[in-house]
Structure formats: C-alpha cells, structure tokens
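K.L.:
how would this look folded up:
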Amino acid sequence: MKVDLWTILPQEIWINILGRLPAKSVFRCKFVCKSWGDMIEGVDFSESYIPKPCLCLAFGHEDTGYEVYDETCKPLFRFQLAQPAFTHKHSCVVIDSVDGLLFVWDMSRNYELIPCIVNPMTREYIRLSHLPIHRFIYGFGVSKLSGQYKILLGDRWKPRHVYTLGPEVLLRSIREEVKTCRLDGNGDAKFLNGNLHWLADYPDLVCCFDLETELLTTFSHPPRVHHGYRGRIYGGYGLFILEDLLCLCDISDDLHVVIWRMNNYGDANSWIKEYIFDQQPYISETGRPNILNYVLPLKVLENGDLLFTVNTDKRLFIYTKDADAVETYGLLQRSTFCSFSNIIIYRPTFRSLKSMGILNVGSSSFY
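P.N.:
Here you go, the predicted model:
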C-alpha cells in the first residue's frame with residue numbers, strides 16, 4: 001500500500017525538514033508539486049528559513065548575468081533578468097542586499113542604468129525605470145518600525161528622493177531641512193540599524209539617514225591616516241558593514257591598511273582599530289593583492305581572520321591576524337563595466353515581492 005507522507009505529516013514538520021536544506025535544494029523542491037511550491041512561498045516558511053550567508057557577485061556579460069557563490073567560492077546558481085528589446089550591452093551591478101532582496105543596477109540599452117529589486121530564490125524582480133536616476137548617493141534598506149522597504153536616491157551634494165516599495169508608486173522629495181552633506185567619492189549608502197550611511201567630505205563626517213523619519217544626522221569618523229595627493233590616489237577611504245557593525249577602511253600613504261570598527265553604534269568615541277596590515281603594490285609573482293585604491297572587507301571568519309577583496313582584482317583574500325599575513329582565498333569574476341568591487345554578502349530568502357503587494361513583477365531566468 002502506497003503511503004502519501006505529505007498527507008500524514010503536518011505542514012510544520014515539512015517546513016522543519018525543508019528548512020534544513022541548502023537554498024538551491026529548497027528552490028528545486030518548489031517544483032516537486034504545487035503543494036510544496038505553495039508551502040515554500042508561504043509566509044510561515046519564508047520567515048522561518050535561515051540559510052547560510054553567501055557571496056553574491058555580479059559581472060557584466062550578456063550571456064551570464066548574476067552569480068551566487070557559497071563561502072568556499074563554489075558557484076551555487078546564476079540568474080539573469082529579462083532584457084528589454086534592442087539590448088546592446090548588459091552589465092550587472094549589485095548594490096546591496098536586505099532581507100534576501102537584492103538592489104541592483106541593470107545596465108542595458110546604450111548603457112542606461114535601471115534600478116531593480118530582485119529575489120533570485122522566488123525568481124521575482126521589478127524594474128524601477130520610473131525613478132529619477134542620480135549618479136552618487138543611492139541605498140536600499142528597511143525602516144525600523146513600519147518595516148517599509150525604501151530606496152534613497154541623490155546626487156553628489158545631498159539625498160534628493162525616497163522611494164517606498166509597495167502597491168503604489170510612492171516617490172517623495174527629501175524634506176527641505178536636510179542640509180547639504182557632499183558625498184566623499186563615488187559610492188553607495190550602507191544599511192545598518194534602520195539607517196543608511198555614507199561618508200561626506202563637506203563637512204568631513206559620517207552621514208546617517210533614518211529611513212523611518214527620513215531625517216539626516218551626522219557623527220564623526222576616525223582621523224584619516226593618508227594625506228596629500230599621493231594618499232588620495234594610492235589610498236582609499238571607505239565605509240562598510242562588517243558583522244552587523246559599522247566599519248571604515250583607510251589606507252595610508254605608505255600602504256598601511258587600517259580597518260576601524262564602531263563598537264557602540266552612533267558613538268563617535270567608540271571607534272577602535274580592528275585590523276592593521278601592510279601590503280605593497282601588486283606583483284604577480286608574489287600573488288599579493290593590488291590595494292592601490294579600495295579594500296572591501298566582507299566577512300570575519302570563525303577564527304577571527306578577515307575575508308576581503310579589492311577593486312579591479314578578481315581574487316578574494318584572507319588576512320590572518322596571528323601570522324600577520326595575506327593569502328589568496330579564491331578566484332571570482334568581475335564586472336567588465338565597473339571599477340569597484342561589486343560583491344556583497346547575501347543571505348537567500350523566499351520572501352515574495354508579490355506578497356508585498358508590488359505590481360508588475362517579472363520573472364528572472366534561474367540556472
């Protein structure tokens with residue numbers, strides 16, 4: 001007699017079983033039958049499923065699209081957004097990831113930038129071609145109390161617009177009381193604790209934009225260690241999030257890498273030096289990283305070692321504190337059209353864009 005386990009075991013047991021699988025296996029389980037597909041895309045499973053974080057890498061190639069790696073640098077899966085007609089070139093740029101949703105720039109049709117929100121695990125994405133495109137400040141996050149997902153857009157001088165994801169097009173101009181806070185460099189805003197953060201060079205501060213109140217505050221960052229023209233060219237000064245803490249990387253004139261960590265969020269007196277190491281410009285025989293510009297820390301490993309990459313280099317590196325040494329960890333692809341690292345830590349989820357009431361959701365190809 002054939003036994004149908006689906007009807008015998010309650011749904012919470014199946015959720016517990018499937019929740020122990022890797023993200024790619026869960027994705028395949030969606031297509032076993034309609035019952036499994038509905039369960040995996042349901043609220044109970046999507047909110048309880050907590051897979052391991054991954055490295056999400058985008059690179060510019062019209063036939064490849066986006067690629068997701070596991071922590072051992074082995075590719076998990078690829079996905080690609082449907083391209084508009086008359087596509088000339090295709091570039092994929094990952095900006096940030098929040099709750100398993102990716103904020104990306106999809107560049108196509110004569111290099112036109114199109115911001116998109118993507119969930120590769122549900123194969124859902126939405127193009128936000130109606131948004132005003134600014135060249136500098138842009139970020140993605142979720143407000144702390146209302147739980148609204150928002151995108152911040154701006155130019156070199158200040159944030160200009162906030163877009164709220166939802167059933168309606170909610171695009172608002174930033175309130176007049178937001179003062180000029182010119183962006184230092186060409187970067188994006190980093191999300192942490194319900195706020196988006198970026199570095200300003202006038203005044204010389206860390207800007208903090210609250211996604212709930214849509215108000216801007218500032219606090220001080222550590223003193224810079226590079227000075228003058230050579231420091232600006234061969235050094236780098238970048239803000240990032242590492243293990244849910246606000247961090248800052250600075251490179252001195254003589255190529256000392258200094259990584260600061262803010263121990264108490266918002267307290268400018270709590271910056272401490274977490275990592276300090278020396279490197280020289282790239283020499284192919286030694287395999288040393290080229291840190292002539294920006295270092296992007298990605299993850300602190302269980303033993304305290306630092307996983308990082310640098311712009312324009314296709315490798316991942318590990319800095320070992322005990323040995324005070326840098327070694328190559330793995331080789332990844334790079335975006336042809338981007339000079340920055342274009343890589344983030346991504347944690348897959350089955351949160352559905354359609355369940356958020358978002359309209360005009362497209363379906364990406366997954367392979």
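K.L.:
grab the most central residue of this structure for me.
P.N.:
Of all residues in the chain, the one closest to the mean position by CA atoms, centre = their mean is Asp96, 2.5 Å from it.
K.L.:
tell me if Ser355 really is in a strand.
P.N.:
No: under DSSP: H, G, I helix; E, B strand; the rest coil, Ser355 sits outside any strand and is assigned helix.
K.L.:
circling back to that earlier point, who's in contact with the residue nearest to the centre of the chain?
P.N.:
Leu102, Phe103, Gly139, Phe140, Gly141, Asp188, Lys190, Phe191, Ile344 (CB atoms under 8 Å, 6 or more residues apart in numbering). All C-beta atoms are positioned from the backbone trio N, CA, C, and that covers glycine.
K.L.:
and these, which is closest to Cys208?
P.N.:
Lys190 (10.2 Å; CB to CB).
K.L.:
just to revisit the earlier point, quick one: which two of the contacts of Asp96 are the most distant?
P.N.:
It's Leu102 and Lys190 that sit farthest apart of the contacts of Asp96, by CB to CB, at 15.0 Å.
K.L.:
who's more crowded, those two?
P.N.:
Neighbour totals were compared for Leu102 and Lys190, and Leu102 leads with 23 against 20 (other CB atoms under 10 Å).
K.L.:
per-residue confidence averaged over the helix or strand the residue nearest to the centre of the chain falls within?
P.N.:
Applying DSSP states H and E as the criterion places Asp96 in strand 91-98. Mean per-residue pLDDT for strand 91-98: 82.
K.L.:
what is the least confident helix or strand in the protein?
P.N.:
For the chain, scoring each helix and strand by mean pLDDT, DSSP states H and E identifies helix 228-234 as the least confident one, at a mean of 45.
K.L.:
same for the following helix or strand past it, what does it pack against?
P.N.:
Using DSSP H and E, the helix or strand that follows helix 228-234 in sequence is strand 237-242. With contacts taken as 3 or more CB pairs under 8 Å, 6 or more residues apart in numbering; DSSP states H and E, strand 237-242 sits against strand 190-192, strand 195-202, strand 245-251, strand 295-300.
K.L.:
what does strand 237-242 contact?
P.N.:
Looking at what lies outside strand 237-242 - CB under 8 Å, 6+ apart - the contacts are 184-185, 187, 190-192, 197-199, 206, 221, 224, 226, 246-251, 261, 294-300.
K.L.:
ok, now stretch 45-58?
P.N.:
15, 18-19, 22-23, 26, 39-40, 65-71, 73, 76, 92-94, 97, 102, 104, 298-299, 316, 332-333, 335, 342-352.
K.L.:
kindly format the C-alpha coordinates of it as CSV.
P.N.:
Extracted as CSV, the C-alpha positions of stretch 45-58 are listed here (Å, rounded to 0.1, in the frame of the first residue of the first chain):
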residue,chain,number,x,y,z
PHE,A,45,8.3,29.1,5.5
SER,A,46,9.8,32.3,4.2
GLU,A,47,10.0,33.8,7.7
SER,A,48,11.5,30.7,9.3
TYR,A,49,14.0,29.7,6.7
ILE,A,50,17.5,31.0,7.6
PRO,A,51,20.1,29.6,5.2
LYS,A,52,23.8,30.4,5.4
PRO,A,53,25.0,33.7,4.1
CYS,A,54,26.5,33.6,0.6
LEU,A,55,28.8,35.8,-1.5
CYS,A,56,26.7,37.4,-4.2
LEU,A,57,28.7,38.5,-7.2
ALA,A,58,27.6,40.3,-10.4
